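Engineer: How does the following fold in three dimensions:
(2 chains)
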Amino acid sequence: MLRKLCAVAWQNWTLLRRDQIVRAVAVAGVVLTVLAGLASTWSIEDRVKILFDVGYFGMQLLGSLTALFWGAKMVSDSRHDGAIEWQLAAPLSRTSWLLGKYLGLALTQLLLAVMLLVIWQLGLLMFGYGLMTDAQVAVYLMMVLGWLVLSSVAVTLAVIMRFALALFASIGLWLTGLMSQAVAGTLSPESSQYSQELVRGITRVWNLQHFNLIDRVQEQRAITAAALSDQIGYGVLLIAITLTVSSLMFSKGDVIAS
Amino acid sequence: MQTEVPSTGAEDLALNGISKVFRTDLLRGPQLAVKDLTCRFAAGRCTGLLGHNGAGKTTTIKLILGLLKSDKGSIQCGEREITTRDRAKIGYLPELNKLPALLTPREVLSYQLQMFMSERFKTAADRREAVKTALAHVNLQDHADKQIGRLSKGMARRLGWAQATIHAPSILILDEPASGLDPLARRQMIDWIGAEKKRHTTILLCTHELAQVTALCDFYHVLRRGELVASGSLGPNPAQSYTIQVSGLRADAIERFAAKEGLPPWRSLRQEGVLAELSFVGYEHSAKWLQALLAAGFVVTQFGADERAFEDALLQHYGGDV
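Structural biologist: Residues are numbered from 1 along each chain as shown, chains lettered A, B, ... in the order given. Below is the predicted model of the structure:
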């Protein structure tokens, strides 16, 4: 079973690597790095803060949108072009197919992450900021974990929805995850008990700010191993839950529409 | 017209009371695709699955492959209900090319070996030789590393055949295998199916082309609006029509010749210029006529089973949905 799962993962990784998006992301990464570098050079003070604000925000946006798009597209495209029929006519369980596809997607996202990291580091050297610190690398890796979580959510939605719907729903969830903590923090005490409980509940379960450590770096607070392991555990748990749900839904009913 | 289909082994496919209703269209409501379908695809034989567009043929195939889940009934492979593991015995050629456009033929076939024969072809080196042989068989060795999206339709179909048969399946499901092919490629496809038949593969041939059915199939099932309306055998049929086309004999001369030789009656006689076409019910009568005509030195320009009669009989089952 593991061998078959790896074959599906390898095939998806091959397909995604050949997708034009990879080239588009590379170009966008270069443009973003240059823009961040130029913005920091033109500023009078807080040059490093501006560099990282622009750079990390851009990378976050780029990686997250790619994760959502690929996640929603992966299942939908296979259904649309019929490749799913060819692949599931084999002695392969639907769960293995879905997990293999996700694994391939995760590998390609890691490839993108390494590619963007290299571009970013080259940009830092070019603008005279030297090598990234360990803390900055940790921030970046945590951001990549956020991308993996987002793609697993998009895959889950694509199992039950059409592409466009799955994409919009995942973007909605992404924004909810980014804002939940801020909304909970600014909630008026006069709000109804029900609203407060609901917002706090959402924040406890779905809070993408867990993967954003940039403030810690900028405030020069230490990033401890314990804190990191908590964030990683939260991310892995979210991925495990979403993939379990999507596998269960995918195993029931028809793989393809009439 | 129900006929008992004999079995030759354990690898037959049997559908027992399968029903499928699609409930995906809220506006149109439930759509019945297959209703109480019970039929068998005999081991080692080629069985045609026929019917008009939308009769439920492709849905039946997808139910067998587990891509769709039936609302009722069961599917058996041999003696037991079909499982995911049983799909290792099945080769599937879909109607349209459904292989990812960004992959190459080499990658597709290597993947197929990993899926179907992972125990035998464990390493990439093991698979390389088998893939090379399969590509050479379908004459794609020079296009092994070209992306599928850049292959011609004929090439993609040949690759489809290679992926369906690379693991030497004992059951082959072919959905319109010759669709969209030029005459040469079509003949090649029919030859390949014939070779699989000689290998005693159980073949389910879903097609609109009745000539393919008569050339390849031992049995057939006809679906209409999701229901089985006819099944039958394409072996020797005592009621089969045969025709003899003879040159230089007029109708009156034929009657005199029959009386003189004491030949059995014909079913119909058609005169077209110097050619007379005699039609008979059953092989025995036609054979006696052929022998007598040849012995008397007449030129017989054509002799054989009348396929049109079979086609006409089949088309009756299509109803008004052709």
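
Engineer: Show me which residues of chain A sit near chain B.
Structural biologist: Neighbours of chain B within chain A, by CB under 8 Å from any CB of the partner chain: A:3-4, A:7, A:11, A:14-15, A:18-19, A:81-93, A:252-258. (Glycine included, C-beta is placed from N, CA and C.)

Engineer: List only those of the residues you listed flagged as buried.
Structural biologist: Among the residues of chain A next to chain B, those scoring as buried are A:4, A:7, A:11, A:14-15, A:19, A:81-93, A:254-255 (criterion: 16 or more other CB atoms under 10 Å in any protein chain shown).

Engineer: A:L243 and A:I202, how far apart?
Structural biologist: 21 Å (CB to CB, to the nearest Å).

Engineer: sorry, back to before: in helices, which of the buried ones among the residues of chain A next to chain B fall?
Structural biologist: A:K4, A:A7, A:Q11, A:T14, A:L15, A:D81, A:A83, A:I84, A:E85, A:W86, A:Q87, A:L88 (DSSP state H).

Engineer: Just the closest of those to A:L157, please.
Structural biologist: A:I84 (16.7 Å; CB to CB).

Engineer: In contact with that closest one, which residues?
Structural biologist: A:V75, A:S78, A:W97, A:V255, A:I256, B:L67 (CB atoms under 8 Å, 6 or more residues apart in numbering or on different chains).

Engineer: In space, what's closest to the residue in the stretch 51-200 of chain A that chain B sits nearest to - neighbours in sequence excluded?
Structural biologist: Closest contact between the stretch 51-200 of chain A and chain B, by CB to the nearest CB, is at A:G82 (3.4 Å). Computed as CB to CB, 6 or more residues apart in numbering or on different chains, the closest residue to A:G82 that is not its neighbour in sequence is B:K98, at 3.4 Å.

Engineer: do the same with B:E307
Structural biologist: B:T214 (5.5 Å).

Engineer: What residues of whichever strand or helix holds that neighbour count as buried?
Structural biologist: Applying DSSP states H and E as the criterion places B:T214 in helix B:210-216. Residues B:L210, B:Q212, B:V213, B:T214, B:L216 are the ones in helix B:210-216 that count as buried (16+ other CB under 10 Å).

Engineer: Chain A versus the second one, what's the distance?
Structural biologist: Which is B:Q212. From B:Q212 across to chain A, the span is 22 Å (CB to the nearest CB, to the nearest Å).

Engineer: pretty sure that residue contacts B:I190?
Structural biologist: Yes. Taking CB atoms under 8 Å as the definition, B:Q212 is a contact partner of B:I190 at 6.6 Å.

Engineer: joint contacts of the two?
Structural biologist: By CB under 8 Å, 6+ apart, the residues touching both B:Q212 and B:I190 are B:A178.

Engineer: buried sites along the helix or strand that contains A:V199?
Structural biologist: Assessed by DSSP H and E, A:V199 sits inside helix A:193-205. Going by neighbour count (16+ other CB under 10 Å), the buried part of helix A:193-205 is A:V199, A:I202, A:T203.

Engineer: Remind me what it packs against, helices and strands.
Structural biologist: helix A:163-185 (3 or more CB pairs under 8 Å, 6 or more residues apart in numbering or on different chains; DSSP states H and E).

Engineer: who touches the helix it packs on?
Structural biologist: A:64, A:68-69, A:71-73, A:76-77, A:80, A:150, A:153-154, A:157-158, A:160-161, A:199-200, A:202-203, A:206-209.

Engineer: And stretch B:196-205, by the same measure?
Structural biologist: Applying CB under 8 Å, 6+ apart, the external contacts of stretch B:196-205 come out as B:8-9, B:11-13, B:41-49, B:61, B:64, B:165, B:169-174, B:177, B:193, B:212-213, B:216-217.

Engineer: Now list the buried members of the residues you listed.
Structural biologist: Looking at those with 16+ other CB under 10 Å, the buried ones turn out to be B:11-13, B:41-49, B:61, B:64, B:165, B:169-174, B:177, B:193, B:212-213, B:216-217.

Engineer: residues near the spatially closest residue to A:H80 that is not a sequence neighbour, how many?
Structural biologist: Spatial nearest neighbour of A:H80, chain neighbours left out: A:F163 (7.6 Å); criterion: CB to CB, 6+ apart. The number of residues packed near A:F163 is 18, by other CB atoms under 10 Å in any protein chain shown.

Engineer: Tell me which residue lies nearest the centroid of chain B.
Structural biologist: By CA atoms, centre = their mean, chain B has its centre lying nearest to B:L205, at 3.4 Å.
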